[in-house]
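Asks: from the sequence below, what's the structure:
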Amino acid sequence: MGSPWKAIADDSRRQMLMMLKDGEKTPSEIATHFHFTLPALSTHLKVLRDAGLVSEHKQGQNRFYSVNKDAMSEMMQFFDLFWDDRLRSLKEYVENKESKRK
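Replies: Residues are numbered from 1 along each chain as shown. Take a look at the predicted model:
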């Protein structure tokens, strides 16, 4: 399994994830937003899939990709560690400002 952190290091792959957050898409649908070939797109999707960030299922001749929300939520938990500190600091700042006003 590849590293999700390395997978999102590429801007194109981050854009693909943003596109997939609204629902599943075929590679052809994704390709309309990029200027590279379908084989290059397939390579990017493979990196995302190997990192566990996207899921793939086949229906007839088509492959559909969607965001693996479980894997994404694990990454969000990491970022929440930083956000919680910022929110706590903001809360303390606002409370201190309010107490000084009174």
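Asks: how about low-confidence regions in this protein?
Replies: Along the chain, the model assigns pLDDT under 70 to residues 1, 102.
Asks: contact partners for Ser3?
Replies: By C-beta atoms under 8 Å, 6 or more residues apart in numbering, the contact set of Ser3 is Ala51. Every residue, glycine included, has its C-beta placed from N, CA and C.
Asks: what distance do you get for the most centrally placed residue in the chain to Ala71?
Replies: Most central in the chain under C-alpha atoms, centre = their mean is Leu17, positioned 4.8 Å from the mean C-alpha point. Applying C-beta to C-beta, to the nearest Å, the value for Leu17 to Ala71 is 11 Å.
Asks: what's the local residue count around the closest residue to His44 other than its chain neighbours?
Replies: Closest residue in space to His44, ignoring its immediate chain neighbours: Arg13 at 5.4 Å, by C-beta to C-beta, 6 or more residues apart in numbering. For Arg13, the neighbour count with other C-beta atoms under 10 Å is 19.
Asks: which stretches of this protein form strands?
Replies: Along the chain, the segments classed as strands by DSSP state E run 54-59, 62-67.
Asks: quick one, which of those strands is packed in tightest?
Replies: strand 62-67 (a mean of 17; mean count of other C-beta atoms under 10 Å).
Asks: run through who's touching that one.
Replies: By C-beta under 8 Å, 6+ apart, strand 62-67 touches 17, 20-21, 23-27, 30, 45, 48-49, 53-58.
Asks: what angle do it and strand 54-59 make?
Replies: Per axes from the mean of the first three to the mean of the last three C-alpha atoms, to 10 degrees, the angle that strand 62-67 makes with strand 54-59 is 160 degrees.
Asks: so how far is strand 62-67 off the chain centroid?
Replies: Using C-alpha atoms, centre = their mean, to the nearest Å, the mean C-alpha position of strand 62-67 is found 15 Å from that of the whole chain.
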